[in-house]
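Chemist: 3D, please:
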Amino acid sequence: MRAVVPPALARGSEKYRFSPGVAAAGLLFVSGQVGRDADGHVIEDPTEQYVAAFECIGSVLAEAGAGFADVVDMTSFHTSFDGFELFTAVRERYLVGPVFPAWTAVGVTALAVPGILAEVRCTAVLRH
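Modeler: Sure thing, here's the model as predicted:
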């Protein structure tokens with residue numbers, strides 16, 4: 001088992017004592033990622049917030065030697081489904097098939113950081 005911590009996520013990893021990703025048993029478990037800027041501030045524009053969350057996931061995947069094509073399972077948590085079409089449009093930029101991951105979308109009343117609209121976690125297969 002090994003921690004996967006991209007440099008851009010190291011500060012939050014240290015502050016909150018968690019691993020952005022954990023590689024174990026041929027799988028990569030990516031912690032929930034959200035849309036914040038490089039300084040840790042919540043991105044207000046919903047589309048940009050979703051893009052930032054998927055970019056964070058991408059950085060964890062890349063750090064472990066994987067990519068979005070290796071994602072086999074994804075869970076997204078949403079404070080509202082009002083912007084769900086925007087979320088799925090952004091998701092489709094990153095998860096392009098032909099095989100799509102299993103996906104569960106969950107509605108929640110709040111997330112750990114005020115202003116965050118969605119948090120996304122996933123599991124990927126490590127092929128090396």
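
Chemist: show me the contacts for Arg93.
Modeler: Residues in contact with Arg93, defined by Cβ atoms under 8 Å, 6 or more residues apart in numbering, are 51, 54. To be clear about C-beta, it is placed using only N, CA and C from the backbone, and glycine gets the same treatment.

Chemist: check what pLDDT it gets.
Modeler: For Arg93, the pLDDT comes out at 97.

Chemist: so which helix or strand takes in it?
Modeler: Assessed by DSSP states H and E, Arg93 sits inside helix 84-94.

Chemist: which parts of this protein are helices?
Modeler: Secondary structure of the chain, counting by DSSP state H: helices at 10-16, 46-63, 84-94.

Chemist: can you put these in TSV and add distance to Ile116?
Modeler: Listed next are those as TSV, based on distance: least, Cβ to Cβ, whole Å:
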stretch	distance to Ile116
helix 10-16	13
helix 46-63	7
helix 84-94	12
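
Chemist: of all the ones you listed, which one is nearest His128?
Modeler: Of all the helices of the chain, helix 46-63 sits nearest to His128, with 12.8 Å by Cβ to Cβ.
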